[in-house]
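Q: The following block contains a protein sequence and its predicted model.
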Amino acid sequence: MTDATPPRHVHTTCVQGGYRPSSGEPRTVPLIQSTTFKYDSSEAMGALFDLEASGYFYTRLQNPTNDMVAAKICELEGGAAAMLTASGQAASFFALFNICSAGDHIVSSSAIYGGTYNLIAVTMRRMGITCSFVHPDCSPEELDAAFRPNTKALFAETIANPALIVLDFEKFASAASRHGVPFMVDNTFPTPVNCRPFEHGAHIVVHSTTKYMDGHATSVGGAIVDSGSFDWQAHAEKYPGLTTPDESYHGVVYIERFGAGAFITKATTQLMRDLGATPSPANSFYLNSHLESLAVRMERHCANAQRVAEFLLDDERVSWVRYPGLPGDPYYALAQQYLPQGTCGVVSFGVKGGRDKVTAFTDSLRLASIATHVADARTCVLYPAGTTHRQMSDAELVAAGVAPDLIRLSVGLEDPNDLIADLAQALRHAS
Ligand code: PLP
């Protein structure tokens with residue numbers, strides 16, 4: 001963005017952010033479906049390998065289409081630098097592994113997506129990186145107590161999947177600041193349309209773009225956005241990967257050479273180079289098309305979810321409803337504080353009568369399809385106790401934080417009257 005560019009509102013950034021064509025250039029983000037890029041001299045290409053010139057040489061590291069779409073997400077979040085990854089899992093892993101090595105420690109909210117929990121608790125542990133999980137509603141003292149001298153990051157989700165717990169940003173951001181570590185936030189559920197974590201003290205944001213950003217169930221993907229606001233030099237001894245020479249790049253010191261772009265440059269040049277979780281440019285092209293309608297879609301997802309949650313709340317066959325947009329919800333106040341325009345389209349609730357009734361309900365839905373996905377234009381439903389967690393007893397489910405009658409409904413973009421009619425007929429079948 002040049003200095004002459006006026007400030008943009010989120011709807012405009014969704015449509016036009018990240019790519020500003022010059023005269024005669026393609027109006028839409030061009031799809032550069034090429035693995036490689038040609039040079040006239042070895043010297044010119046060599047400068048790229050030395051990180052002395054910027055440019056493209058191999059799509060595993062960087063590709064123009066991927067970068068243009070990353071730039072749009074960067075603008076939406078108000079960040080300094082961003083990169084796309086092949087999945088949300090890769091984004092969370094790269095963001096953490098970029099600054100954590102064997103022997104290091106992370107503090108994380110326990111209310112996070114199950115795949116991220118497994119990544120941190122099992123896979124990263126096998127790499128020698130340990131984690132203390134804290135409930136997001138813990139006291140500031142309990143949060144402080146989780147930190148150790150070797151803690152390198154604090155991780156949480158803005159709206160936890162599937163618990164729908166809204167993060168107390170102030171509590172988490174102040175703990176990160178007291179302990180001198182970056183605060184990383186998975187902002188997948190609200191998207192930057194409804195919450196911009198950098199405005200509430202986060203330093204790094206990750207996304208599963210597979211969810212609302214793509215929103216049409218076409219492309220798995222992820223993104224990392226750095227605010228550029230964490231002072232790595234002030235904690236140089238903790239983050240040698242950013243503040244001391246990288247011998248694999250002829251001694252470049254990322255923070256000195258790249259400033260606010262240091263974190264993303266290091267993740268690109270080291271982690272993409274070595275681990276290669278690169279998105280296909282074609283997927284990024286789809287993602288960009290879908291980002292154009294993100295702000296419009298989020299408004300509709302939230303309005304529909306609010307209507308559906310209010311309908312469920314009034315139905316006597318429904319045992320409980322959780323949606324942070326409901327005034328009686330335990331996270332209503334935090335949602336009003338941090339996400340006043342809306343939260344997301346996911347509602348969770350219970351149906352009275354045990355597993356058979358719940359299954360009868362979900363199987364009777366005609367518009368809402370049974371799927372393990374969320375955040376899609378099409379309404380979908382998941383009954384964990386009858387599907388993903390079916391091997392668990394009710395007691396085991398409660399211990400795992402999943403109510404035995406929990407139904408997760410991802411409210412789509414259909415007409416809310418049709419969705420409510422569908423829920424009503426399925427409730428009749430189940431009663
Ligand atoms: N973060 C959240 C909040 C998610 O819901 C998911 C997936 O459901 C992920 C991360 C992982 O993303 P992906 O499936 O794109 O790897």
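A: Sure thing, it's come through.

Q: what packs against the helix or strand of the chain with the lowest mean pLDDT?
A: Within the chain, no helix or strand scores below helix 394-399, which has a mean of 75 by mean pLDDT, DSSP states H and E. Contact here means 3 or more Cβ pairs under 8 Å, 6 or more residues apart in numbering; DSSP states H and E; on that basis helix 394-399 packs against no helix or strand. From N, CA and C alone the C-beta is placed, and that goes for glycine too.

Q: For residue 334, list the residues it contacts.
A: Residue 334 sits next to 166, 167, 168, 324 when contact means Cβ atoms under 8 Å, 6 or more residues apart in numbering.

Q: Relative to the ligand, which of those residues is nearest.
A: Comparing the contacts of residue 334 against the ligand with Cβ to the nearest ligand atom places residue 167 closest, at 11.9 Å.

Q: which residues sit in contact with the closest one?
A: Per Cβ under 8 Å, 6+ apart, neighbours of residue 167: 109, 136, 156, 157, 158, 159, 160, 185, 334, 338.

Q: Check the residues you listed against the ligand and report the nearest one.
A: residue 157 (5.5 Å).

Q: From the ligand, how far off is the residue nearest to that closest one when sequence neighbours are not counted?
A: Spatial nearest neighbour of residue 157, chain neighbours left out: residue 186 (4.4 Å); criterion: Cβ to Cβ, 6 or more residues apart in numbering. Per Cβ to the nearest ligand atom, to the nearest Å, residue 186 is found 5 Å from the ligand.

Q: Show the pLDDT at residue 186.
A: On the pLDDT scale, residue 186 is placed at 98.

Q: Could I get the phi/psi values of it?
A: Dihedral pair for residue 186: phi -90, psi 110, per degrees, to the nearest 10.

Q: before we move on, back to that, which of the contacts of residue 334 has the most neighbours?
A: Within these, most neighbours by other Cβ atoms under 10 Å means residue 167, with 29 neighbours.

Q: Phi, psi for the nearest residue to residue 403 once chain neighbours are set aside please.
A: Nearest residue to residue 403, sequence neighbours excluded (Cβ to Cβ, 6+ apart): residue 350, at 6.0 Å. Dihedral pair for residue 350: phi -120, psi 150, per degrees, to the nearest 10.

Q: Surely residue 350 touches residue 409?
A: No - counting by Cβ atoms under 8 Å, residue 350 stays clear of residue 409, with 11.4 Å between them.

Q: Looking at the two now, which is surrounded by more residues?
A: The neighbour count for residue 350 versus residue 409, taken as other Cβ under 10 Å, is higher for residue 409 (27 against 18).

Q: need the contact list for the more buried one.
A: Neighbours of residue 409 in contact, by Cβ under 8 Å, 6+ apart: 308, 346, 347, 348, 349, 368, 379, 380, 381.

Q: Between the residues you listed, which sits nearest residue 239?
A: residue 346 (34.9 Å; Cβ to Cβ).

Q: Any figure for the gap between the residue of the stretch 251-400 of the chain found nearest the ligand and residue 356?
A: Using Cβ to the nearest ligand atom, the single residue of the stretch 251-400 of the chain nearest to the ligand is residue 374, 6.5 Å away. Here residue 374 is placed at a distance of 25 Å from residue 356 (Cβ to Cβ, to the nearest Å).

Q: And residue 95, by the same measure?
A: Going from residue 95 to residue 356 by Cβ to Cβ gives 43 Å.

Q: Tell me which of those two has more neighbours.
A: More neighbours surround residue 95 than the other of residue 95 and residue 356, with 30 against 10 (other Cβ under 10 Å).

Q: The more buried one and residue 184 touch, don't they?
A: Yes - between residue 95 and residue 184 there is a contact under Cβ under 8 Å: 5.6 Å.

Q: just to revisit the earlier point, what about the residue nearest to residue 157, how many residues nearby?
A: Residue 186 is flanked by 27 other residues according to other Cβ under 10 Å.

Q: pLDDT below threshold where in the protein?
A: 1-7, 399-401 (pLDDT under 70).

Q: residue in it nearest to the ligand?
A: residue 88 (2.3 Å).

Q: What's the local residue count around that residue?
A: The tally of other residues near residue 88 (other Cβ under 10 Å) stands at 24.

Q: now residue 198
A: 22.

Q: residues touching it, list them.
A: 77, 78, 79, 205, 227, 229.

Q: Just say helix, strand or coil for it.
A: For residue 198, the assignment made with DSSP: H, G, I helix; E, B strand; the rest coil gives helix.

Q: Check residue 8 too.
A: coil.

Q: is it true that it touches residue 17?
A: Yes - contact criterion Cβ under 8 Å: residue 8 and residue 17 qualify, at 7.1 Å.

Q: any shared contact partners between those two?
A: residue 75.

Q: Those two: which has the busier surroundings?
A: Comparing residue 8 with residue 17 by neighbour count (other Cβ under 10 Å), the higher total belongs to residue 17, at 22 against 15.

Q: which residue ranges form the helices in the stretch 201-350 of the chain?
A: Secondary structure of the stretch 201-350 of the chain by DSSP state H, counting those that start in this stretch: the helices cover 240-243, 254-258, 262-266, 273-275, 281-291, 294-313, 332-338.

Q: can you tell me how far the residue lying farthest from the centre of the chain sits from residue 105?
A: Largest separation from the mean C-alpha position in the chain: residue 41, at 40.4 Å (Cα atoms, centre = their mean). Separation of residue 41 from residue 105 (Cβ to Cβ): 47 Å.

Q: Write out the residues of the stretch 1-150 of the chain neighbouring the ligand.
A: 87, 88, 89, 113, 115, 116 (Cβ under 6 Å from any ligand atom).

Q: Mind checking which of those are buried?
A: Neighbour counting by 16 or more other Cβ atoms under 10 Å classes 87, 88, 89, 113, 116 among these as buried.

Q: Need the distance between the two termini of stretch 365-379.
A: 10 Å (Cα to Cα, to the nearest Å).

Q: then the one helix or strand residue 12 maps to to CSV, C-alphas only?
A: If you go by DSSP states H and E, residue 12 is part of helix 10-16. C-alpha atoms of helix 10-16 as CSV (Å, rounded to 0.1, in the frame of the first residue of the first chain):
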residue,chain,number,x,y,z
VAL,A,10,-13.2,-4.2,5.6
HIS,A,11,-15.6,-4.8,2.7
THR,A,12,-13.3,-2.9,0.3
THR,A,13,-10.2,-4.8,1.5
CYS,A,14,-12.0,-8.1,1.0
VAL,A,15,-12.6,-7.2,-2.6
GLN,A,16,-9.6,-5.2,-3.6
